[in-house]
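In: Structure for this input, please:
(2 chains)
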Amino acid sequence: MRISRFLLATLKENPADAEVISHQLMLRAGMIRRLAAGLYTWLPLGLRVLRKVENIVRDEMNKSGAQEILMPAVQPAELWQQSGRWDQYGPELLRFKDRHDREFCYGPTHEEIITNLIRNEIRSYKQLPVNLYQIQTKFRDEIRPRFGIMRGREFLMKDSYSFHLEQSSLDETYELMYETYTKIFNRLGLKFRAVLADNGNIGGSRSHEFHVLAESGEDAIAYSTTGDYAANVEVAGDVKVGDPSPDGKSVLDIARGIEVGHIFQLGDKYAKAMGASVLDEAGKSTTLIMGCYGIGVSRLVAATIEQNHDKNGIIWPEAIAPFSVALLPMNMHKSQRLRDAAEDLYNKLQAAGIDVLFDDRKERPGVMFANAELMGIPHRIVIGDRGLDKSEVEYKGRLDEKSQNIPIDKIIEFIVG
RNA sequence: CGGGGUAUAGCGCAGUCUGGUAGCGCACUUGGUUUGGGACCAAGGUGUCGGGGGUUCGAAUCCCUCUACCCCGACCA
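Out: Numbering: from 1, shown residues only, chains lettered A, B, ... in the order given. Reported below is the predicted structural model:
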C-alpha cells in the first residue's frame, strides 16, 4: 500500500476525551473514530488489525473442530420469552418493534438463537457433540461505555456454543476450548491469565475468564504466586495481597486484567427452558447440556495495545500488525535513482507476500519515522542515496535500539527469516 | 440512574467573570526555501460559538430550557 493512496489519519495531539493509552493511540494512529457513545467506525488501519485478530481466532476455532455459522443480529422476542430472559435482561438489551409491531432485540449474545437452531436440527445423539461459532457484531446498551473500543456498546465478538448428551462430553469440549483460547492468546503475543470466574447472568455452573494483564484493566484477579490458583476477586471474595492461597500453595497476589475471553458450562438451562432434546441410544428423549465460549475480538485489539506500546506509539506483535514493513525513502523526489530503487524494492516486498506500507509522500524523514512508529509497524526499511552507493538499505525493528545496514538484495530474506 | 465536569474551525485550546459581533497552535490549500527524527517564510480557506427560547440597542459571554459527550460508582466479551 502506498501512503499517498491510504486513508492515513494520524493526529499529533491526543483527543481530549481519550483516557486510556489504547484509546489515545487508536485515535492518534487513525484506527478508529467515534460516532456516538460506545460506537466506533473502524478506519482502514484499524480494520486491518481487527481482521487479523479475527482470522487467528477463526483459524484456531476451526482447528478445534468447531464449525462457523452466522446468525441474525436481530432476534425475535418470543425466543427470549421462552428462555425467560426477556424479562430478566434489563435495559442493557436493546429492544424495538418492526412495522408489524412485533418485538425484537439486537442480540447481545445468542444462546436463545442457537438453542432454537439445535432443537430444530439435531435429532439424534449420533449428531453430538457439536460446537458452532460465529464472529459477529453484538450490541449491549452498556450503562457506561468507556475507554474507546475497550467497552463499546457495539463490539465484535466470537461466540460459540456446544451441545452434548453427557457431562463428560461437555467437560471435554470445555477443556478443548480452554486449550484453544490459550493458543489464540499465545499467537497474539499476549501476557494473559485464565481465572475462575463468576457466571454472571448467562447462568450455568463452571466458568473461566481469560484476562490480559494490564494496569488499566477493569477487573482485579487474585492468584497464587507459585501455584496454579487464579480467580477473579469477585469469586475469590474479600481477599488481599499476602492472604494464603486456597490451593495451599504460597500466598495470593493481586493484578489487574482486561477480560477478553470467557468460557462457561451452561448445563441444561437453555435446553430445558426451550425444549432442546435428542433421542439417546435407548431411544429415550434426553435434554441436551450446553457450553458457551466468548472472545471479545475488538476488545483484544485494545488490550494488545495496552500491553504493547511506548512513548512513540503502538508496538504491534507481528501476527496482527496492520502492515509488516514500513518502506521509507529519504527525499525520494530529489533522486530518480532512489525512486527507481524504492519502487523496485516495494514491488519485490509485495511479490514476497509481505504487507508493506510505502511512504511515497514528499515528507521529511522525521514525519515518516514518527508516523511509522505511531502506527506500530514492526519492521522499518529506510532507503536513501547514501546507502544505495553501497547497495544497502537500513533496517530497524520497532523495538530495536539501533538500526543496521543490510544489502538491498538480502533485505527480504532478512525480514522473512 | 446517582455524583462531578465539558460543549467555540478537522484536532488541541483561549475568549465567558467585566456583553460591543471570534482568536491561537496543529492540520489543510498555494508558492518558495529546506530535507536522517513530527521544518521555515509568505499568502489563503475554514466556524449555524451544541440546539431552542428569553433579557438587551447589541449575547460565545447574562437568564431559562433541552441535548450530546467525558470522568467516578453498580453491569459485561
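In: What residues of stretch A:390-405 count as buried?
Out: A:392-396, A:398 (16 or more other CB atoms under 10 Å). In short, each C-beta sits where N, CA and C put it, glycine included.
In: show me where pLDDT drops low in the stretch 151-300 of chain A?
Out: Residue ranges of the stretch 151-300 of chain A with pLDDT under 70: A:199-204.
In: What parts of it come near RNA strand B?
Out: With CB under 7 Å from any atom of the strand as the criterion, the stretch 151-300 of chain A meets RNA strand B at residues A:151-153, A:155, A:157, A:198, A:200-202, A:209, A:218-219, A:259-262, A:294-296, A:298-299.
In: quick one: which of those residues sit in strands?
Out: A:155, A:157, A:209, A:219, A:259-262, A:294-296 (DSSP state E).
In: among those residues, who's most crowded?
Out: Counting neighbours by other CB atoms under 10 Å, A:Ile295 leads those with 28 neighbours.
In: ok, for it, nearest residue in space, not its chain neighbours?
Out: Distances taken as CB to CB, 6 or more residues apart in numbering place A:Lys158 nearest to A:Ile295, at 4.3 Å, with adjacent residues excluded.
In: Likewise for A:Ala370?
Out: With sequence-adjacent residues excluded and distances taken as CB to CB, 6+ apart, A:Ala370 is closest to A:Asn312, at 7.2 Å.
In: Quick check on the one you found: phi, psi?
Out: Per-residue torsions, A:Asn312: phi -90, psi -10 (degrees, to the nearest 10).
In: Then A:Gly397?
Out: phi -80, psi 150.
In: And it, how far from A:Ala319?
Out: Using CB to CB, to the nearest Å, one gets 15 Å for the distance from A:Gly397 to A:Ala319.
In: Then A:Asn62?
Out: For A:Asn62 relative to A:Ala319 (CB to CB), the value is 17 Å.
In: Name the secondary structure element that contains A:Leu190.
Out: Per DSSP states H and E: A:Leu190 is located in neither a helix nor a strand.
In: Could you count how many residues lie near it?
Out: Around A:Leu190 there are 22 residues (other CB under 10 Å).
In: I'd like to know how many residues surround the nearest residue to it once chain neighbours are set aside.
Out: Nearest residue to A:Leu190, sequence neighbours excluded (CB to CB, 6+ apart): A:Val212, at 5.2 Å. By other CB under 10 Å, the residues close to A:Val212 number 25.
In: ok now do A:Val212, which residues does it touch?
Out: The neighbourhood of A:Val212, defined by CB atoms under 8 Å, 6 or more residues apart in numbering, consists of A:185, A:190-192, A:257-258, A:260, A:300, A:303-304, A:306-307.
In: repeat that with 6 Å
Out: For A:Val212, the contacting residues are A:190, A:192, A:258, A:260, A:303, by CB atoms under 6 Å, 6 or more residues apart in numbering.
In: With distance to A:Leu279 added, can I get the residues you listed in a markdown table?
Out: Listed next are those as a markdown table, based on distance: CB to CB, whole Å:
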| residue | distance to A:Leu279 |
| --- | --- |
| A:Leu190 | 43 |
| A:Phe192 | 41 |
| A:Ile258 | 44 |
| A:Val260 | 39 |
| A:Ala303 | 44 |
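In: can you tell me which of those lies nearest to A:Leu165?
Out: Ranked by distance to A:Leu165 (CB to CB), the contacts of A:Val212 are led by A:Val260 at 30.7 Å.
In: Can you verify my assumption that that closest one contacts A:Gly294?
Out: No. A:Val260 is beyond contact range of A:Gly294, at 9.3 Å (criterion: CB atoms under 6 Å).
In: who in the stretch 1-150 of chain A is up against RNA strand B?
Out: Within the stretch 1-150 of chain A, the positions near RNA strand B by CB under 7 Å from any atom of the strand are A:10-17, A:19, A:28, A:34, A:36-38, A:92, A:140, A:142-147, A:150.
In: Which ones among these map onto helices?
Out: If you go by DSSP state H, those have A:Arg28 in helices.
In: Need the buried ones from the residues of the stretch 1-150 of chain A next to RNA strand B selected in PyMOL.
Out: In PyMOL, this line selects whichever of those come out buried by 16+ other CB under 10 Å:
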select buried, chain A and resi 10+28+34+38+140+142+145+147+150
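In: Next step: the residues of the stretch 1-150 of chain A next to RNA strand B restricted to strands.
Out: A:34, A:36.
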